[in-house]
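Undergrad: Here you go, sequence then predicted model.
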Amino acid sequence: MSALYLLKEGVAGLSRARLAALTSIFSLFLAVLLIGVITRIGFNAYEISQLLRQQVEVEVFLEGDDPQTTARIQNRIDNEPFVEELIYISQDSASKIFQEEFGMGGRAIANLNFLPASFRLKMSDQVTIAQIDSLVQEIDRYEGVSDVQFNLALLEMLEARTDQITVAGGLVGGFILLIAMILVFNTIRLTIYAKRDLIRAMKLVGATNRFIRTPFLIEGILQGLIAGVAASALIWALFEWIAPYYFSQLGVLNWPFGKWYYLIGGVVLLAMVMGWWGSRLAARKFIKDSTVYS
């Protein structure tokens, strides 16, 4: 009976301060909507940066084509923990690649066979720029290695842009959630004030603070649920129908972890948690052991 009463009181609380409840629901809706959009776009930006990182190769040029020296260098590079793939390119192969890239006009130059043998290294996805730079300096000191090249500027730009997007998205999302929590806090506070006489009577008959607070917590969770479901529906429609209709390029965006329901579920859960947290703060602050309001 008490559980049913608490649930009914939580639902009824939405109608006691309708304007405030609608304001907090709308604020939560906007907050989780923007966070969902930022997450979707940020996830794809991260995927693109990782793809570009994989395309950046370290190229190790050899001084000669001595088989023993080449085998020794290959074994040492193979033992490096951050090297995912190692491809050997002989002088003949380098000449053919040169000819393919520069066309028939480059055949005479390619036949001079002046291009050195080399190794192309593909690095692990988890490796950092500092680790790649350290590895390049170490390989450059190997006997038989003439030069080591990789696009440090591109990697630094990718890492800087990824960090900027992450920080900016986190700050914006955190600020929006803070504002939404404040509005939920104020909504529950108004509801508590409207029920101050009932709360005083409940205390007189022995009701515990937890029992009195629970309907307000349920109200906050319901506010989050409504906001989360509405925001999730709009996010799904935005990325599945609206955005691809006007910008076909956006149709190739991936959902986080490959499925739409991970992001949608996260949005709904986040809205409910924020609604619960805002109402919990208000209930703990304004429902005390003493009489609520005078």
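TA: Yes, it's here. Every value quoted in this text rests on a predicted model; they were computed, and no experiment measured them.
Undergrad: sec struct for residue 127, please.
TA: Three-state assignment for residue 127 (DSSP: H, G, I helix; E, B strand; the rest coil): coil.
Undergrad: Pretty sure it sits against residue 80.
TA: No - using C-beta atoms under 8 Å, residue 127 makes no contact with residue 80, being 10.0 Å away. From N, CA and C alone the C-beta is placed, and that goes for glycine too.
Undergrad: how near is residue 189 to residue 22?
TA: 16 Å (C-beta to C-beta, to the nearest Å).
Undergrad: the more surrounded of these two?
TA: residue 189 (20 against 14; other C-beta atoms under 10 Å).
Undergrad: Correct me if wrong, but the more buried one is in a strand.
TA: No - going by three-state DSSP, the assignment for residue 189 is helix, not a strand.
Undergrad: Quick one, grab the pLDDT at the residue nearest to residue 277 when sequence neighbours are not counted.
TA: Spatial nearest neighbour of residue 277, excluding adjacent residues (C-beta to C-beta, 6 or more residues apart in numbering): residue 181 at 6.3 Å. You'll see residue 181 listed with a pLDDT of 75.
Undergrad: same thing with the one 4 residues further on?
TA: pLDDT for residue 185: 78.
Undergrad: My guess is it contacts residue 283. True?
TA: No - if you go by C-beta under 8 Å, residue 185 and residue 283 don't touch, sitting 9.6 Å apart.
Undergrad: Which one's more surrounded, those two?
TA: Counted by other C-beta under 10 Å, residue 185 and residue 283 do not tie: residue 283 has more neighbours, with 24 against 21.
Undergrad: how much space between the more buried one and residue 192?
TA: For residue 283 relative to residue 192 (C-beta to C-beta), the value is 7 Å.
Undergrad: Now the common contact residues for those two.
TA: Shared contacts of residue 283 and residue 192 (C-beta atoms under 8 Å, 6 or more residues apart in numbering): residue 216.
Undergrad: which residue ranges form the strands in the protein?
TA: Along the chain, counting by DSSP state E, strands occupy 58-62, 83-89, 118-123, 145-149.
Undergrad: Export those strands as TSV, with columns for mean neighbour count.
TA: Below are the strands of the chain laid out as TSV (neighbours: other C-beta atoms under 10 Å):
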stretch	mean neighbour count
strand 58-62	20
strand 83-89	15
strand 118-123	20
strand 145-149	15
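Undergrad: Looking at the ones you listed, which is nearest to residue 246?
TA: Of all the strands of the chain, strand 118-123 sits nearest to residue 246, with 37.6 Å by C-beta to C-beta.
Undergrad: partners of that closest one in the sheet?
TA: strand 58-62 (antiparallel), strand 83-89 (antiparallel) (DSSP bridges).
Undergrad: average pLDDT for it?
TA: Strand 118-123 comes out at a mean pLDDT of 84.
Undergrad: Repeat that for stretch 286-294.
TA: Computed over stretch 286-294, the average pLDDT equals 52.
Undergrad: do the same with stretch 76-86
TA: 83.
Undergrad: One more: stretch 20-31?
TA: 82.
Undergrad: Give me the distance from it to the chain's centre.
TA: 24 Å (C-alpha atoms, centre = their mean, to the nearest Å).
Undergrad: Distance of residue 120 relative to residue 58?
TA: From residue 120 to residue 58 the distance is 7 Å (C-beta to C-beta).
Undergrad: List the contacts of residue 69.
TA: So residue 69 contacts 62-63, 143-144 (C-beta under 8 Å, 6+ apart).
Undergrad: ok, of these, which come out buried?
TA: Neighbour-count burial (16 or more other C-beta atoms under 10 Å) applied to the contacts of residue 69 gives residue 62.
Undergrad: Among the contacts of residue 69, which pair sits farthest apart?
TA: So for the contacts of residue 69, where distance means C-beta to C-beta, the most widely separated pair is 62 and 143, at 10.6 Å.
Undergrad: quick one, helices of the protein?
TA: 2-16, 18-55, 67-78, 91-102, 107-110, 129-140, 152-194, 196-204, 209-237, 243-246, 260-286 (DSSP state H).
Undergrad: comparing these, which gets the lowest mean pLDDT score?
TA: helix 107-110 (a mean of 50).
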